[in-house]
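Undergrad: can't give you the sequence, but here's the structure:
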């Protein structure tokens, strides 16, 4: 997305498909780094080295059509980030999904923010349903790794709320000049997911069964073991076990 | 919001302020239970027992102005839900905030969904900024209870991502015919927050300091103690402590 487009002299002979791809690539690059309000059809024409009427010939719906086509294309790219084989410790798989997702967020920063913040004149029921479709795919893919083939309603809610948390964290990350580093943010988000699963397992038998299955696949030196060792002292204190604390009995 | 409006014969003498309040109450009730697309100015006029021109006299901007005014009023009501004195165990305070929030979600079901799902023609940068303002107030109020007066960046991110998770859970709850019960959803969300804090405390010193302070205010028999006791067996297994498990060494 960030590589410069090859210089394209206006009206160079190109197949219809190539020209369309070229216009879309120019649009994608512009919409990635600016809110849709700040991209004009002239910008797209200029970036692609063609005339405005030529852009209209390929995208008669103008900027809105270009925006929605670019969004559809970016959504396809994002959905690929969530594909991960079902082998190895589940935290490793989700870690790789998060890495790819954060690269996508990094590469589509301003466009990603504008899209998810809403309120744009370019937001329509179509753009909303594209975003919802990506969320649905992300949830489905995550559930393949976490919940087996028939996840219960609490586990599904957990995954969908975690996805919402990941989106919110991504927007904050972009606002805060991409701090902390992407790997630190990934680990933080992964810890949040592990903790969410452990908490939900205490009240929901289906989540508990899923967590037992997941633990069998993790290494004691992996993210789950590390987080568990980090939490244990606090959990013991909070549970009223271990060394005396300031916790009061009721 | 759900109580029937008093029967109002058309053009009954009313002060300007009373009439405006009456129209707004009618609009609020309609926008609470339907997406804005499904509410017409005629519906508002009929619900208030007045003529369409009278509605226009008070709201010259028509339906959009009525929608945004109703939204502003609902946002003020929602922000009040987050006010809670800084006394007693923090989990009790947040539990009461969640209870009030879920009553609001319950009472504004379809309108709440339509607003947060986006993609509505009634969504504008103004409606988005009203929603963002509510989120900002919610985060500020939560941080008063969780982080003292100078919360660090990780704790602020945690609170904002948890708010996003609460919103997502609320939408799922509405989609799934308000199941589980509101108190069950409240406890689930509270557990998620406690677990998120415990996890974040393992890597962020500022969150760790906040968690230590919070623990001093909790009862061992309260939500934190109960969750800790529920998590301990799993945490011990995952940490490679306690009874032998299927966990493999690396």
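TA: Received, thanks. Only a predicted model underlies this, so the values are computations on that prediction, with no experimental measurement involved.
Undergrad: Show me the residue at the heart of chain A, geometrically.
TA: residue A:101 (4.6 Å; CA atoms, centre = their mean).
Undergrad: Excluding chain neighbours, what is closest to that residue?
TA: Excluding its sequence neighbours, the residue lying closest to residue A:101 (CB to CB, 6 or more residues apart in numbering or on different chains) is residue A:81, at 5.1 Å. C-beta here means a position set from N, CA and C on the backbone, and glycine is covered the same way.
Undergrad: I'd like to know how far that neighbour sits from chain B.
TA: Residue A:81 sits 19 Å away from chain B, taking CB to the nearest CB, to the nearest Å as the criterion.
Undergrad: Need the pLDDT of that residue.
TA: Per-residue confidence at residue A:81 stands at 96 (pLDDT).
Undergrad: cool, residue A:118 as well?
TA: Confidence score, pLDDT, at residue A:118: 77.
Undergrad: What's the separation between it and residue A:159?
TA: From residue A:118 across to residue A:159, the span is 22 Å (CB to CB, to the nearest Å).
Undergrad: Do a quick rundown of the helices in chain A.
TA: When assigned using DSSP state H, the helices of chain A occupy the ranges A:16-33, A:41-48, A:52-58, A:62-81, A:90-107, A:109-117, A:125-146, A:153-175, A:182-201, A:205-216, A:223-238.
Undergrad: Considering those, which stretch scores lowest in mean pLDDT?
TA: helix A:109-117 (a mean of 91).
Undergrad: list the buried ones in it?
TA: For helix A:109-117, the neighbour count (16 or more other CB atoms under 10 Å in any protein chain shown) marks A:109-112, A:114-115, A:117 as buried.
Undergrad: what domains does the record give for chain A?
TA: Annotated domains of chain A cover A:16-69, A:81-219 [automatic domain parsing].
Undergrad: can you put those domains in a markdown table and add distance to residue B:86?
TA: Formatted as a markdown table, the domains of chain A follow (distance: least, CB to CB, whole Å):
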| stretch | distance to residue B:86 |
| --- | --- |
| domain A:16-69 | 39 |
| domain A:81-219 | 25 |
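Undergrad: Residue A:100: neighbouring residues, count only.
TA: By the measure other CB atoms under 10 Å in any protein chain shown, the count of residues near residue A:100 is 16.
Undergrad: My guess is it contacts residue A:81. True?
TA: Yes. Using CB atoms under 8 Å, residue A:100 is in contact with residue A:81, at 3.7 Å.
Undergrad: show me the residues around the residue nearest to the centre of chain A that make contact.
TA: A:78, A:81-82, A:166, A:170 (CB atoms under 8 Å, 6 or more residues apart in numbering or on different chains).
Undergrad: Just the closest of those residues to chain B, please.
TA: Lowest distance from chain B to the contacts of residue A:101 (CB to the nearest CB) belongs to residue A:166, with 7.8 Å.
Undergrad: Could you report the neighbour count for the nearest residue to that closest one once chain neighbours are set aside?
TA: Distances taken as CB to CB, 6+ apart put residue A:189 closest to residue A:166, at 5.6 Å, once the chain neighbours are dropped. Using other CB under 10 Å, residue A:189 has 23 other residues around it.
Undergrad: Now do the contacts for residue A:189.
TA: Going by CB under 8 Å, 6+ apart, residue A:189 touches A:98, A:165-166, A:169.
Undergrad: ok, and the most crowded of those?
TA: Counting neighbours by other CB under 10 Å, the top entry in the contacts of residue A:189 is residue A:165, with 26 neighbours.
Undergrad: ok, the residue lying closest to it once chain neighbours are set aside - contacts?
TA: Once flanking residues are discounted, residue A:165 sits nearest to residue B:161: 3.9 Å by CB to CB, 6+ apart. Residue B:161 makes contact with A:165-166, A:168-169, A:172, A:192, B:196, according to CB under 8 Å, 6+ apart.
Undergrad: residue contacts, the residue lying closest to residue A:186 once chain neighbours are set aside?
TA: Among residues not flanking residue A:186 along the chain, residue A:98 sits closest, at 4.5 Å (CB to CB, 6+ apart). Counting by CB under 8 Å, 6+ apart, residue A:98 makes contact with A:166, A:186, A:189-190.
Undergrad: In TSV, list these along with distance to residue B:129.
TA: As requested, these are exported to TSV (distance: CB to CB, whole Å):
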residue	distance to residue B:129
A:166	23
A:186	30
A:189	27
A:190	32
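Undergrad: List just the nearest of these to residue B:15.
TA: For the contacts of residue A:98, the closest approach to residue B:15 (CB to CB) belongs to residue A:166, at 50.6 Å.
Undergrad: What distance do you get for the closest one to residue A:111?
TA: From residue A:166 to residue A:111 the distance is 17 Å (CB to CB).
Undergrad: Surely residue A:220 touches residue B:236?
TA: No. Using CB under 8 Å, residue A:220 makes no contact with residue B:236, being 11.3 Å away.
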